[in-house]
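A.B. asks: what would the 3D arrangement of this be:
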Amino acid sequence: MLGLSTSWLSTRSGSGPGLLSEVEKAELPIGGIELEYRIPAGWDKEIRSRLRRGNPRVLSIHNFFPLPDDRDPKKATGDLFLVTSEDPEERRLAVKHTINTIQIAEDLGARAVVLHIGRVPMEKRFTEMKKLFSEGNKDSPEMEQIRLELREERAAKFRQPLDWVLQALDRLNQEAFRRGIRLGVENRYYFSEIPGPEEIGIILKEFAGGAVGYWHDVGHSHTLSLLGFPEFENLLERYHENLVGIHLHDSQGIQDHRAPGTGEVDFAKILPWLGPTVVRIVELKPDEDPGQVRKGIKSLVEMGF
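C.D. replies: A predicted model of the protein is given here:
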């Protein structure tokens, strides 16, 4: 079953019912939706009873949901609270609000919660890399030096943040397992973010037999591979046996979350790695053209997604 993230629609509507109306008007061949972090608490209350009835069906929820009342919707992000923060109170809030998302997922009959789990405190240097890439200098000595420095800095600083991640996931795993919800730890867009390829394996080993699994984002993997980090290219093949779900979208160079069929992603190579229980969500930028979106989702359905 193919679902659609509300990321494409939530900025167009001024209410919960308005959001669901946008889903209906899109007339897409989907079997459900993924609720995400841009939806404020007031909207959630407006549509909760309808969602409980499966109208539409909620397949997954992207943490943190709903956006707390005291937070600006324009600044909503899946990194709203970081379990890798040096501030113990922020780490506590990250766990608290994730538990709330897990409870809502159970209430709405969702199968999974998607998690961003933090970052290593280091320079992103993404602007430099993006400029070099756009100028055709992906393989230049300057780019290679940036990659080397990033690898060295990350290797020197990742241990404490990863320990905090494991501590938080221990509590979240217990809550999710008790409620029958899978937790999908998502691969991220920036090299500084957790989990890196090896860290995914550490996490999966630590929580083997529990609720924690891997959530693959197609565009994130594609972007880091293009920027010269080949270890991010085969994440799906490497961890497909622990796959909870996948975010499907296309990528034009390092600009991702585009409609399927408008970029460089070879979706035919992705499909064989997806087992029957994997949650499949199309996750798009709000400004994607409706015609391209309909065409792209239709093509995924025809391919067997």
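A.B. asks: span of stretch 106-115 from start to end?
C.D. replies: Stretch 106-115 has an end-to-end distance of 16 Å (Cα to Cα, to the nearest Å).
A.B. asks: what of stretch 227-237?
C.D. replies: 20 Å.
A.B. asks: list the buried residues for that stretch?
C.D. replies: Buried residues in stretch 227-237, counted by 16 or more other Cβ atoms under 10 Å: Leu227, Gly228, Phe229, Phe232, Leu235, Leu236. From N, CA and C alone the C-beta is placed, and that goes for glycine too.
A.B. asks: ok, residues contacting that stretch?
C.D. replies: Outside stretch 227-237, the residues within contact range by Cβ atoms under 8 Å, 6 or more residues apart in numbering are 129, 133, 138-139, 143-144, 147, 187, 191, 196-197, 200, 214, 216, 220-221, 224-225, 243, 246, 254, 270, 273.
A.B. asks: thinking again about what came up before, what about the buried residues of stretch 227-237, which are in helices?
C.D. replies: Leu235, Leu236 (DSSP state H).
A.B. asks: and the helices in this structure?
C.D. replies: Taking DSSP H, the helices of the chain run over residues 16-26, 41-52, 88-108, 126-134, 141-157, 159-179, 197-206, 218-226, 235-239, 290-303.
A.B. asks: just send the ones you listed back as JSON lines, with mean pLDDT and distance to Leu2 too.
C.D. replies: Listed next are the helices of the chain as JSON lines, based on pLDDT from 0 to 100; distance: least, Cβ to Cβ, whole Å:
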{"stretch": "helix 16-26", "mean pLDDT": "93", "distance to Leu2": "13"}
{"stretch": "helix 41-52", "mean pLDDT": "93", "distance to Leu2": "18"}
{"stretch": "helix 88-108", "mean pLDDT": "98", "distance to Leu2": "18"}
{"stretch": "helix 126-134", "mean pLDDT": "96", "distance to Leu2": "31"}
{"stretch": "helix 141-157", "mean pLDDT": "97", "distance to Leu2": "35"}
{"stretch": "helix 159-179", "mean pLDDT": "98", "distance to Leu2": "24"}
{"stretch": "helix 197-206", "mean pLDDT": "98", "distance to Leu2": "24"}
{"stretch": "helix 218-226", "mean pLDDT": "97", "distance to Leu2": "14"}
{"stretch": "helix 235-239", "mean pLDDT": "97", "distance to Leu2": "17"}
{"stretch": "helix 290-303", "mean pLDDT": "96", "distance to Leu2": "6"}
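A.B. asks: so can I have JSON lines of the ones you listed showing distance to Thr262?
C.D. replies: Formatted as JSON lines, the helices of the chain follow (distance: least, Cβ to Cβ, whole Å):
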{"stretch": "helix 16-26", "distance to Thr262": "17"}
{"stretch": "helix 41-52", "distance to Thr262": "29"}
{"stretch": "helix 88-108", "distance to Thr262": "31"}
{"stretch": "helix 126-134", "distance to Thr262": "18"}
{"stretch": "helix 141-157", "distance to Thr262": "26"}
{"stretch": "helix 159-179", "distance to Thr262": "34"}
{"stretch": "helix 197-206", "distance to Thr262": "27"}
{"stretch": "helix 218-226", "distance to Thr262": "12"}
{"stretch": "helix 235-239", "distance to Thr262": "21"}
{"stretch": "helix 290-303", "distance to Thr262": "6"}
